[in-house]
Each structure stands twice: as structure tokens, then as C-alpha cells.
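Participant: Sharing a sequence plus its predicted fold:
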Amino acid sequence: MHGQNHPFYERMCEVAITVGQIRSNIEPISFSGERYERKLLEAMKRYIELQKLLAIESPFFIMVSFLGVKDYKIVIQKSIHHIAEYTNKIDRMNLIIPEVMVENFDCDMAEVMKPIFDTVWNAAGDIASPNYDTSGKFKFGY
């Protein structure tokens, strides 16, 4: 991953993931919903490990923004045979998503990130991320 993690002493984290890392190979102006969620969860896992190593205490805040995404669609992969569905187009140029607070390092990060993921899917016309089961657990293991 070519993204970057920038720990801040104010207990905030900035993660940069480029569209090229999550772009769909199926439709040019789209990105994989599963891939971006996994990449963010992986980045947060590394960030938490770094915070522990530096002996920085919780809580901290996660803030996610998507820049230049107007008219992008989110790909919903339906099978390994490249059958996919798409959301509606994202309705704004920049998605500035409200932050979430992580109260301790031993939390379920997929659970903490769900409101962020749901907000992204909302901007594309869906109610919530389809990558969680009915009990609220991330489907792809984390």
C-alpha cells in the first residue's frame, strides 16, 4: 500500500489511500467498497500498533475524507467471476465524514469504523455498507 499514516500528538490520525489503490478494474470511475474498507482497517491496525509502541494513550479520533469523488460509483462485488453491481453516483465532490472516537486500543476496529463506512455508502445512495452481516460484524474478517 502506498498510503501514509501520520500519527499526531493530539491523538488524531490521517490516513491517505489513493483512488488508484482501490479503483475498480471493471468501471473506470468507480472503486471497490470491500477493498477501501479493508485498506482503512489495515491502516488503523498499523496506527494502533504504532501508538502502543510510542506509549501514546487513548482515546483518539479517526477522521476520513474522500476528495474529488463526485460521480464515482462504489462497486459491490457479487462473486469471484467479476459479476458486480454498482451504487448510484456519489453526490458531492468531497466527502468530509464526521470523526469517530476510539476510547481504547482493544476495541473492535471494524465496529468502530462502521459509521464511517455507512456514511460513504449513504453518499452513493445506499443505507449502509453491505460488508457487514445482520449482527453488525464485518463479513471479511478483521
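Facilitator: That came through fine. Residues are numbered from 1 along each chain as shown.
Participant: When you work out contacts or count neighbours from here on, use the C-alpha atoms and nothing else.
Facilitator: OK.
Participant: For Asn88, give its distance to Asp133.
Facilitator: Distance, Asn88 to Asp133, by C-alpha to C-alpha, to the nearest Å: 22 Å.
Participant: between those two, who's got more neighbours?
Facilitator: Between Asn88 and Asp133, counting by other C-alpha atoms under 10 Å, Asn88 is the more crowded of the two (17 against 11).
Participant: three-state assignment of that one?
Facilitator: Under DSSP: H, G, I helix; E, B strand; the rest coil, Asn88 falls in the coil class.
Participant: contacting residues around it?
Facilitator: Counting by C-alpha atoms under 8 Å, 6 or more residues apart in numbering, Asn88 touches 73-74, 124-125.
Participant: least trustworthy helix or strand in this protein by mean pLDDT?
Facilitator: strand 4-7 (a mean of 47; mean pLDDT, DSSP states H and E).
Participant: buried set for the host helix or strand of Asp118?
Facilitator: Assigned by DSSP states H and E, Asp118 belongs to helix 109-123. Buried positions in helix 109-123, judged by neighbour count with 16 or more other C-alpha atoms under 10 Å: 109-110, 112-123.
Participant: what residue is smack in the middle of the chain?
Facilitator: Glu37 (3.8 Å; C-alpha atoms, centre = their mean).
Participant: per-residue confidence for the spatially closest residue to it that is not a sequence neighbour?
Facilitator: If you skip the residues right next to it in sequence, Glu37 has Phe117 as its closest partner in space, 7.1 Å away by C-alpha to C-alpha, 6 or more residues apart in numbering. pLDDT, Phe117: 95.
Participant: list the contacts for Phe117?
Facilitator: Listed by C-alpha under 8 Å, 6+ apart, the contact set of Phe117 reads 37, 128-129.
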